[in-house]
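**Q** make a model of this:
(2 chains)
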Amino acid sequence: KAGVTQTPRYLIKTRGQQVTLSCSPISGHRSVSWYQQTPGQGLQFLFEYFSETQRNKGNFPGRFSGRQFSNSRSEMNVSTLELGDSALYLCASSTGTSGRSGLEQYFGPGTRLTVT
Amino acid sequence: KQEVTQIPAALSVPEGENLVLNCSFTDSAIYNLQWFRQDPGKGLTSLLLIQSSQREQTSGRLNASLDKSSGRSTLYIAASQPGDSATYLCAVIPLYGGSQGNLIFGKGTKLSVKP
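**A** Purely as a prediction, here's the structure:
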C-alpha cells in the first residue's frame, strides 16, 4: 500500500505571495491532518479534515486554510506569506474512526516551505 | 490544556547501550499515545502506538510503556545502534478538547548513538 504523499517537496516563495500544498492520504484513509514544524515551536496542529469537513482547527490565523476532496486528498493554502511561515509542513492520514488501529497516524515526507 | 514534555532534549550514548526516553503529559484523558522517529529534514515514522487501555507495546528492539494515571510513557531501546540516531517524538490524542486527528506533540529527544 502506498504511503502518504505530499507535493511539492520543496518550495521557495516571496513574502506576500500565496501557496498551495497537496497531500494524498493512504488509500482508504478518510482523515487528513496538517501540522507545521518549526525549530522554535516544534510540531503544531493546523487542522483536520474528515469526509470533506473540517473537524478541528488549531490556533493559526485565518491566512491558513484547507480543504478536502471527495477522494480524501487534501490541500492547504497559506495566503499573504510571512517570513515566519517558513517551516516543514507535514500531513498525516488515518482511518479517522475508532477501531483496532486506534487512530494511528501516518505521516508524509513533508513540504519544506521557505519564505524570503 | 494538554501539554507533552520530553526529557532529556538530547542524549548521546555509545553503541550497544540500552536506553530509555521519557514522555510525560498533563491530562490523563487521552485516546492513545504514539511514538515517532524523525530523521533530519524528513517526515515522521510511526514506531509504536499504545491505546489508552494498554500498558505497553513492543516492536523488535523497542518497547513502549504507558502509565495513564501518572501521565507518563517511556520508550525503551535495547542494544542501541548508530542507525537509531534520530529525534524521537511522543504525541497524544486527547479525549476532550480536540479531535481524533489532533496529535499533541512533545518537543522530542534527539538521540545520538556513537559507534
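**Q** for the residue nearest to B:Asp27 when sequence neighbours are not counted, give its distance to chain A.
**A** Among residues not flanking B:Asp27 along the chain, B:Gln2 sits closest, at 4.7 Å (Cβ to Cβ, 6 or more residues apart in numbering or on different chains). Just so you know, the C-beta spots here come from the backbone N, C-alpha and C atoms, and that holds for glycine as well. As for B:Gln2, its distance to chain A is 11 Å (criterion: Cβ to the nearest Cβ, to the nearest Å).
**Q** surely B:Gln2 and B:Leu95 touch.
**A** No: in this structure B:Gln2 lies outside contact range of B:Leu95 using Cβ atoms under 8 Å: 9.5 Å.
**Q** looking at those two, which is more packed in?
**A** Higher neighbour count among B:Gln2 and B:Leu95: B:Gln2, with 19 against 15, using other Cβ atoms under 10 Å in any protein chain shown.
**Q** in a strand, that one, correct?
**A** No: B:Gln2: not assigned to a strand; according to DSSP: H, G, I helix; E, B strand; the rest coil it is coil.
**Q** what's around residue 81, how many residues?
**A** Using chain A. A:Leu81, neighbours per other Cβ under 10 Å, totals 19.
**Q** the intended chain is chain B.
**A** 12.
**Q** now do B:Lys42
**A** 15.
**Q** run through the residues that contact the residue nearest to it when sequence neighbours are not counted.
**A** Among residues not flanking B:Lys42 along the chain, A:Pro109 sits closest, at 6.2 Å (Cβ to Cβ, 6+ apart). Going by Cβ atoms under 8 Å, 6 or more residues apart in numbering or on different chains, A:Pro109 touches A:Val4, A:Thr5, A:Gln6, A:Arg9, B:Lys42, B:Gly43.
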